[in-house]
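J.: next one to model:
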Amino acid sequence: MELEEFAARLRSSRAVVFFTGAGISTESGVPDFRSPGGVWTKYQPVLFQDFMTSEAARIQHWRLKKATYELFKTVKPNIGHFAIRDFERRGQLLGLITQNIDGLHKLAGVSEEKLVELHGTDRLVTCLKCGKRYEPAELYENLAENFTAPTCDACGGFLKSANVSFGQSMPVEAMQRAQAWSEQAEIFIVIGSSLQVQPAASFPVIAKRAGALLAIINRDATPLDDIADFVYNGAIGEFFRHVNPLLGNA
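T.: Purely as a prediction, here's the structure:
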């Protein structure tokens, strides 16, 4: 399928689902944390079980999240984030499923009703005991060089960034919404995901089996390219600069 035909199908659909990964945010300056020099080369991710049982692990988690907080507070959405928002404004967006924890889709203006953050978000801190929410700034800005792990001022429970950590259960409601959208999609568009991480990478397969047109826009090849109806290998911003005029969204 050529770009023009794909754009024509997009123009007429009122049930588009987007599935986004880290690649959509690299053009906003969010690095792949796994890459050389990335945050994970300095601070290893903390397993959820270790977080719950070890003060040292909790401090490690907070050092890692302070580093990502400093990055996330300056990055801004890019053309890809805004293009997806525009699908909602035109009444075409069934739902947006993201693996990202950077919060850029919300900053771009996608509503809570249309957004599932499969791995949670770094733009909130929550109490694991009572569920109280905190804005990150009030905690990270007050962390000294040497500190004890913050606790909830309401119940004394452990505070943690609202992302899903390794070893932590995936959020049940988010997974159910993502599954339902995948089954109902007319067009399912993967953007900036290597489709290597399960169970998230199963959603494009679910959509395809349910009859959706499957499109994959990613810099590199993915394991699902062979079953996709449309594949674009290249920069995401470049893709949207090509397709937006065809959608009447210059």
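
J.: which parts of whichever strand or helix holds Trp181 are buried?
T.: Element membership of Trp181 [criterion: DSSP states H and E] is helix 172-184. Of the residues in helix 172-184, those buried under the neighbour-count criterion (16 or more other Cβ atoms under 10 Å) are 174-175, 177-179, 181-182, 184. The way it works is simple: take the backbone N, C-alpha and C, and place the C-beta from them, glycine included.

J.: what's in contact with that helix?
T.: By Cβ atoms under 8 Å, 6 or more residues apart in numbering, the surrounding residues in contact with helix 172-184 are 15, 17, 94-95, 97, 116-118, 188, 199-200, 203-204, 206-207, 210, 212.

J.: swap the cut-off to 6 Å and go again
T.: 17, 94-95, 97, 116, 118, 203, 206-207, 210 (Cβ atoms under 6 Å, 6 or more residues apart in numbering).

J.: please list the outside residues in contact with stretch 71-84.
T.: Contacts of stretch 71-84 (Cβ under 6 Å, 6+ apart): 18, 24, 27-30, 96, 102, 104-105, 107-108, 122, 236-237, 240.

J.: most neighbours, which of the residues you listed?
T.: Ile24 (31 neighbours; other Cβ atoms under 10 Å).

J.: how is this structure divided into domains?
T.: 1-30+77-119+170-250, 32-74+120-163 (automatic domain parsing).

J.: any chance of the ones you listed in CSV, plus mean pLDDT?
T.: Formatted as CSV, those follow (pLDDT from 0 to 100):
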stretch, mean pLDDT
domain 1-30+77-119+170-250, 94
domain 32-74+120-163, 88
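
J.: comparing those, which comes out most buried?
T.: When the domains of the chain are scored by mean count of other Cβ atoms under 10 Å, the highest mean neighbour count falls to domain 1-30+77-119+170-250 (a mean of 19).

J.: now do the contacts for the residue nearest in space to the middle of the chain.
T.: The centroid of the chain falls nearest to Asn100 when counting by Cα atoms, centre = their mean (2.1 Å). By Cβ under 6 Å, 6+ apart, the contact set of Asn100 is Ser25.

J.: how close does it sit to Leu64?
T.: From Asn100 over to Leu64 the distance is 16 Å, taken as Cβ to Cβ, to the nearest Å.

J.: repeat that for Phe18.
T.: Phe18 sits 28 Å away from Leu64, going by Cβ to Cβ.

J.: rewinding a little: mind checking which of the contacts of helix 172-184 are in helices?
T.: 203, 206-207 (DSSP state H).

J.: how near is the residue of the chain positioned farthest from its centre to Ala56?
T.: Going by Cα atoms, centre = their mean, the residue of the chain most distant from its centre is Asn146, 31.1 Å out. Per Cβ to Cβ, Asn146 is found 13 Å from Ala56.

J.: out of the contacts of helix 172-184, the closest to Phe230 would be?
T.: Ala207 (13.2 Å; Cβ to Cβ).

J.: so what's the closest one closest to, chain neighbours aside?
T.: Phe188 (3.6 Å; Cβ to Cβ, 6 or more residues apart in numbering).

J.: check which helices and strands the strand ranked longest in the chain sits against.
T.: Assignment by DSSP state E gives strand 120-127 as the longest strand of the chain. Using 3 or more Cβ pairs under 6 Å, 6 or more residues apart in numbering; DSSP states H and E, the elements in contact with strand 120-127 are strand 133-134, strand 159-163.

J.: what about the helices in this protein?
T.: 3-12, 23-26, 39-42, 48-53, 55-72, 79-89, 104-108, 136-140, 172-184, 203-209, 236-246.

J.: using JSON lines, lay out the ones you listed together with distance to Asp229.
T.: Below are those laid out as JSON lines (distance: least, Cβ to Cβ, whole Å):
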{"stretch": "helix 3-12", "distance to Asp229": "8"}
{"stretch": "helix 23-26", "distance to Asp229": "20"}
{"stretch": "helix 39-42", "distance to Asp229": "34"}
{"stretch": "helix 48-53", "distance to Asp229": "38"}
{"stretch": "helix 55-72", "distance to Asp229": "34"}
{"stretch": "helix 79-89", "distance to Asp229": "18"}
{"stretch": "helix 104-108", "distance to Asp229": "24"}
{"stretch": "helix 136-140", "distance to Asp229": "40"}
{"stretch": "helix 172-184", "distance to Asp229": "15"}
{"stretch": "helix 203-209", "distance to Asp229": "8"}
{"stretch": "helix 236-246", "distance to Asp229": "15"}
